[in-house]
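K.L.:
For reference, the sequence and a predicted model appear below.
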Amino acid sequence: MNKSKEANIPFICYEGKLIVIDGEYKLTSTEVEFANESITIINNGVLDLASNVEPKELYNKIKDIHNFGVINSNDKQSGVIQSKMKTNKGIVGNAEIDDEEDLIDNDQSNQNVIANMNYLKL
């Protein structure tokens with residue numbers, strides 16, 4: 001991210017296709033595969049990468065990522081995401097980890113665990 005010397009305003013330069021995410025967005029393998037140009041992502045919301053998006057394809061098509069939100073990906077995709085990250089003021093998580101199972105497995109006191117089974121989208 002560059003800053004203007006006169007007004008101290010940050011700005012992001014990009015080339016190719018720009019994807020700006022303010023809500024929830026799922027990046028599919030088809031979208032990545034058939035993109036005619038490089039992709040720059042500005043994430044202010046939640047970006048989910050489909051599990052079938054190939055890391056090599058991501059590496060070849062993604063130009064830059066500016067993350068101010070949450071990015072969910074698997075381990076191999078996460079490595080590519082980290083290498084393409086220009087701004088990271090958000091969270092990069094692993095979509096393969098099941099938090100509810102971790103809560104139950106880590107419950108050493110044999111107490112009951114209440115976990116969220118779904119989410120509410122407004």
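P.N.:
Happy to help now that I have it. Numbers count the residues shown, from 1 in each chain.
K.L.:
and residue 58, what helix or strand is that in?
P.N.:
Using DSSP states H and E, residue 58 falls within helix 55-61.
K.L.:
Past that helix, which element shows up next along the chain?
P.N.:
From helix 55-61, the next helix or strand downstream (DSSP H and E) is strand 62-67.
K.L.:
Now the phi/psi pair for the residue nearest the centre of the chain, please.
P.N.:
Nearest to the mean C-alpha position of the chain, by Cα atoms, centre = their mean, lies residue 71 at 2.1 Å. Phi and psi for residue 71, reported as degrees, to the nearest 10, are phi -120, psi 120.
K.L.:
Report the contact partners of it.
P.N.:
By Cβ atoms under 8 Å, 6 or more residues apart in numbering, the contact set of residue 71 is 43, 46, 47, 49, 65, 81, 90, 91, 92, 93. For the C-beta atoms, the positions are set from N, CA and C on the backbone; glycine is no exception.
K.L.:
Touching the helix holding residue 58 from outside, list them.
P.N.:
Contact with helix 55-61 is made by 29, 32-33, 35, 38-39, 49, 76-77, 79-81, 83-84, as judged by Cβ under 8 Å, 6+ apart.
K.L.:
Which ones among the residues you listed map onto strands?
P.N.:
39, 49 (DSSP state E).
K.L.:
List only buried entries from the contacts of helix 55-61.
P.N.:
Buried residues within the contacts of helix 55-61, counting neighbours by 16 or more other Cβ atoms under 10 Å: 32, 35, 39, 49, 77, 80, 81, 84.
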